[in-house]
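Chemist: task: produce atomic coordinates for the following.
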Amino acid sequence: MHTIRLRGPWELEPIWRYVLQADGSYRPDRENLPAPTKMKMPADWSESFGADFLGRACYRRTFQKPTGLDSGERVWLVVEPARSKACITLKKKLVGFVDPGEPTGRFDITDQLEDHNRLEIIVDHPATEFIADHPVPHAMQSTVGDPTLLGTGGLIGEVRLEIEE
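Modeler: Residues are numbered from 1 along each chain as shown. The predicted model follows:
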């Protein structure tokens, strides 16, 4: 097996943040977002967005199709589980999802690869510090109560290509 680590640079752009409301619910808010940035992976987003950022962000990266592939070789996109829920697309087509506490996501992308490829991973990090006392948005309910979610957020695991015969 040959491994290609997709360390970066990655573009990182906040989509919204979750804002605690007076009634204890959370509302996505697109105002006062941190500036988009670039980063190398794996890393959490607290250095760029602040340790208190809870929300949704998009990681983007382009990569070239691995050269010298034999007809029997397969290319797998591997996304280690983050402390956040993630949706993975390649060239705007759904590849799959990874969830906190689940096994590493491993997706066969061989037939989708072109010379130039754009990978996007949308990451949703819940309002962890308020979980015990406040409701969270429906899309985040599957992550409630998971102690691994405390602290940093974002895509903190490794993203790589694995080439196998």
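Chemist: give me the neighbour count for Asp115.
Modeler: 7 (other C-beta atoms under 10 Å). C-betas here are computed from N, CA, C, even on glycine.
Chemist: tell me the contacts of the residue lying closest to it once chain neighbours are set aside?
Modeler: Spatial nearest neighbour of Asp115, chain neighbours left out: Lys65 (5.4 Å); criterion: C-beta to C-beta, 6 or more residues apart in numbering. Lys65 is in contact with 113-117, counting by C-beta atoms under 8 Å, 6 or more residues apart in numbering.
Chemist: and if we set it to 7 Å?
Modeler: 113-115, 117 (C-beta atoms under 7 Å, 6 or more residues apart in numbering).
Chemist: using CSV, list the CA coordinates for the least confident helix or strand in the chain by mean pLDDT.
Modeler: Ranked by mean pLDDT, DSSP states H and E, the weakest helix or strand in the chain is strand 26-29, scoring a mean of 85. The C-alpha coordinates for strand 26-29 follow below in CSV (Å, rounded to 0.1, in the frame of the first residue of the first chain):
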residue,chain,number,x,y,z
TYR,A,26,-29.1,27.5,19.3
ARG,A,27,-29.5,29.4,16.1
PRO,A,28,-27.0,29.3,13.1
ASP,A,29,-25.7,32.9,12.6
